[in-house]
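Asker: requesting a structural model of the entry that follows:
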Amino acid sequence: MNASGGSLVVVGSGIQLGRDLTRRAESELRAADRVFVLADAFAVDWVESVRPDSTRLSRHYRAGRDRRETYRAMEAELVDAVRAGQAVCAVFYGHPGVFADVPHGAIAAVRALGLPARMEPGISAEACLYADLGLDPGRSGVQSWEATQFLIERRCPDPTALLILWQVALTGDLALDRFHAEPEPLALLVEKLRRWYPADTEVVLYEAAQLPIERARVERLRLDALPRATYREHSTLVVPPIRPASEDGEWLERLRRLDASGRVQGGRRTTG
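Answerer: Numbers count the residues shown, from 1 in each chain. Just a heads-up that it's a prediction; the model follows:
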């Protein structure tokens, strides 16, 4: 253990201010020596009402600056505070471990110093998505990728399972320096998706409600209409299964031979 005695806990503000912040996260926020925050404006205002001495990590953003450079600067600031012997609480939007490089990097760096670092879970946009759209990922399975990652890597989605593409507004942002959608990269995304999905496939653009007075955005449109749609930075693309999965007769039969109790019936596992 490093003699400085510093520590790091990363917590999530959740999606809806005032509803999603856990008691554990709030207690960590109040008890910390030093608080940093990177969240939506409403969450930042609330954090600052509780801890007026908190520091906004958003000041590291610069127009045209590579977001990877920005994230390194944020991470360094958190680690430096821990190294100085402070008990640090860092508040991030949603779930702090989902599509958030800084929390994971800072935790790894603090642990490398021999100091304690951990993460407390928060309510994520994915959790809200399942609730708002009435989807159960256990029914068909789910495949989840960042949109640009899906586009530039050799990915092969399964049209019998739910597909979720995150940060779709930033599709094609290889320089990691923009925060708006552009139609040309979105057209490329549609072109790639057309390998597995027809042009008229109904897809959903989803945005979780950030305030209790808001309603979630659930816009249903054709796949080929995506380049002309309206986006926000946190828009998510949801592609439902277009057909049910077929049973694998060979493995089903092998399982039946193993299951002397007969609890596997009709291709579906039963309980009781």
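Asker: dump the residue contacts of the spatially closest residue to A106 that is not a sequence neighbour.
Answerer: Spatial nearest neighbour of A106, chain neighbours left out: L78 (4.3 Å); criterion: Cβ to Cβ, 6 or more residues apart in numbering. Heads up, the C-betas are built off the backbone N, CA and C, glycines and all. Residues near L78 by Cβ atoms under 8 Å, 6 or more residues apart in numbering: L8, F36, V88, A90, V102, A106, V110.
Asker: among the residues you listed, which are located in strands?
Answerer: L8, F36, V88, A90 (DSSP state E).
Asker: quick check, pLDDT for A109.
Answerer: A109 carries a pLDDT value of 97.
Asker: please tell me how far it sits from I152.
Answerer: 28 Å (Cβ to Cβ, to the nearest Å).
Asker: also L165?
Answerer: 13 Å.
Asker: of these two, who's got more company?
Answerer: Of the pair L165 and I152, L165 is the one with more neighbours under other Cβ atoms under 10 Å, namely 24 against 13.
Asker: these two touch, right, the more buried one and V239?
Answerer: Yes: counting by Cβ atoms under 8 Å, L165 does reach V239; the two are 7.4 Å apart.
Asker: can you map out the helices along the stretch 1-150 of the chain?
Answerer: Here the stretch 1-150 of the chain has its helices, by DSSP state H, counting those that start in this stretch, at 23-31, 41-50, 67-83, 101-112, 125-133, 137-140, 147-152.
Asker: can you tell me what sits against the second one?
Answerer: What it means is helix 41-50. 13, 17-18, 26, 29-30, 35, 37, 39, 54, 56, 58, 91, 93, 210-211.
Asker: and which of the residues you listed is nearest to L174?
Answerer: S58 (23.1 Å; Cβ to Cβ).
Asker: OK, contacts around that closest one?
Answerer: L38, V44.
Asker: and the gap between the residue nearest to A106 and V88?
Answerer: Distance from L78 to V88, by Cβ to Cβ: 6 Å.
Asker: go on, E233?
Answerer: Distance, E233 to V88, by Cβ to Cβ: 27 Å.
Asker: neighbour count for those two, which is higher?
Answerer: Shown here are E233 and V88; by other Cβ under 10 Å, V88 has more neighbours (27 against 12).
Asker: got the contact list for that one?
Answerer: Per Cβ under 8 Å, 6+ apart, neighbours of V88: G6, S7, L8, V9, A32, D33, R34, V35, F36, L78, A81, V82.
Asker: out of everything not next to it in sequence, what's closest to the last one?
Answerer: If I follow you right, that is V82. Nearest to V82 is G6, by Cβ to Cβ, 6+ apart, at 3.8 Å.
Asker: same check on the second one?
Answerer: If you skip the residues right next to it in sequence, S7 has P116 as its closest partner in space, 4.6 Å away by Cβ to Cβ, 6+ apart.
Asker: now that neighbour: phi and psi?
Answerer: Dihedral pair for P116: phi -70, psi 140, per degrees, to the nearest 10.
Asker: re the thing from before, pick out the lowest-pLDDT one from the contacts of helix 41-50.
Answerer: The pLDDT minimum for these sits at G18, where the score is 66.
Asker: what's the neighbour count on the closest residue to G105 other than its chain neighbours?
Answerer: Counting by Cβ to Cβ, 6+ apart, G105 lies nearest to E75, which is 4.6 Å off, once chain neighbours are set aside. Neighbours of E75 under the rule other Cβ under 10 Å: 23.
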